[in-house]
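show me the folded form of this:
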Amino acid sequence: MEWKGRRQSDNIEDRRGSPVGRSGMGRNPFGRSGIQIPMGSGRRGGGLSIGTIIFLVVIYFVLKMMGIDMLQVLDEGSAPQSGYEQSTGQRPTSPAADEMTAFVRTVLAETEDTWNGIFKSEGETYEEPTLVLFSGQVSSACGFASSATGPFYCPGDRKVYLDTEFFTQLKDQFGASGDFAEAYVIAHEIGHHVQNLTGVLPKFNQLRRQMSEVEANQMSVRVELQADCYAGIWASYTDQKGLLEAGDLEEALNAAHQIGDDTLQKRSQGYVVPDSFNHGTSAQRAKWFKRGYDSGKVSARDSFSGPI
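Okay, the predicted model is just below:
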């Protein structure tokens, strides 16, 4: 993919190097409601017991070892601030890491350009998502997740979460190398954001509560295949710009094939359990990406009616 020298998106949160890739409310570093520290036992004098003092001292030093200065946190607590506070932790500074960050920012920018144009053509406004880079584990509005989860989209905060080490795993463990294989992964997660904006994800999350596990898995497959189709539509627009190089399309199709449910299950356990599929088979994933690419139109996205 000819990506160097093109616009890079500013919709990036780089949480690499920060403890647990934190997100939360205001300056609370623990997300949600934070740690509730007991402040006395209701005595009239308001004093602290020896046991409570010892507890507070232990908590203070434990947090200090984690890189959290509670004195500073408490001091800043009087200044409410909403949203995510960017970490000042050390981030990867190697040339390879810098290039990967630039690549991710560029691909994200290309998805923004594509979906802004598509939404505008339909009289709608595309609300751009944020992409969070993390390392190891991360906290989101959907809860905590580790790198083992893989890239994911959280509809609760409208953010894509990505540990770029997944791309190394994609190449070394799954046999899917190439920058356009990586771009496909990002475009697929952006596809989930499009589904969130168009009401598909909220509807699915509502219906799945009334479904059996097998039924929910079957519906999940159709949701995932639509996201693959959206990734293909983006690839089509990107190709029209002259940004695809020889072999790029094959890289994306190979990536889609390598992360199909049947291929992953055969690789990990030697057999498949179709009722547990929730992303689609290798053939289905490649088919729906190619369907979006060949069409280049959102009218190709209907994965919810008819056979898949």
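
for the closest residue to residue 109 other than its chain neighbours, grab phi and psi.
The spatially closest residue to residue 109, leaving aside those adjacent along the chain, is residue 9, at 4.0 Å (CB to CB, 6 or more residues apart in numbering). All C-beta spots, glycine's among them, are computed from the backbone N, C-alpha and C. Backbone torsions for residue 9, taken as degrees, to the nearest 10, come to phi -70, psi 150.

tally of neighbours for residue 9?
The number of residues packed near residue 9 is 19, by other CB atoms under 10 Å.

isn't it right up against residue 116?
No - Residue 9 sits out of contact with residue 116 when judged by CB atoms under 8 Å, with a separation of 11.5 Å.

which neighbours do the two have in common?
residue 128 (CB atoms under 8 Å, 6 or more residues apart in numbering).

start to end distance for stretch 148-168?
Stretch 148-168 has an end-to-end distance of 13 Å (criterion: CA to CA, to the nearest Å).

okay, the residue nearest to residue 109 and residue 287: tell me how far apart.
Separation of residue 9 from residue 287 (CB to CB, to the nearest Å): 29 Å.

again, but for residue 199
Taking CB to CB, one finds residue 199 at 24 Å from residue 287.

give me the more crowded residue out of those two.
Taking neighbours as other CB under 10 Å, residue 199 and residue 287 compare with residue 287 leading, 20 against 9.

can you list contacts of stretch 220-232?
Outside stretch 220-232, the residues touching it (CB under 8 Å, 6+ apart) are 184, 187-192, 194-195, 200-201, 204, 208, 252, 256, 261, 277-280, 284-285, 288-295, 298, 300-304, 308.

filter these down to the ones in helices?
Among the contacts of stretch 220-232, the ones falling in helices (DSSP state H) are 184, 187-192, 194-195, 200-201, 204, 252, 256, 261, 284-285, 288-295.

Throw together a PyMOL command that grabs the buried residues out of those residues.
Here is the PyMOL selection string for the buried members of the ones in helices among the contacts of stretch 220-232, based on 16 or more other CB atoms under 10 Å:
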select buried, resi 184+187+188+189+190+191+192+194+195+200+201+204+252+256+261+284+285+288+289+290+291+292+293
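
thought residue 284 was touching residue 260, still the case?
Yes - judged on CB under 8 Å, residue 260 makes contact with residue 284 at a distance of 7.0 Å.

chain neighbours aside, what residue packs nearest to residue 286?
Nearest to residue 286 is residue 256, by CB to CB, 6+ apart, at 4.5 Å.

secondary structure element for the residue lying closest to residue 145 once chain neighbours are set aside, which one?
Among residues not flanking residue 145 along the chain, residue 138 sits closest, at 5.7 Å (CB to CB, 6+ apart). Element membership of residue 138, judged by DSSP states H and E, is strand 137-140.

so residue 170: helix, strand or coil?
Three-state call for residue 170 (DSSP: H, G, I helix; E, B strand; the rest coil): helix.

do you know how far it is from residue 235?
Residue 170 is 17 Å from residue 235, by CB to CB.

who's more crowded, the two?
Between residue 170 and residue 235, counted using other CB under 10 Å, residue 235 has the larger neighbour count: 28 against 22.

isn't that one right up against residue 249?
Yes - counting by CB under 8 Å, residue 235 does reach residue 249; the two are 7.2 Å apart.

anything in contact with each of those two?
With CB under 8 Å, 6+ apart, residue 235 and residue 249 have common neighbours 180, 293.

average pLDDT across stretch 225-240?
In this model, stretch 225-240 carries a mean pLDDT of 98.
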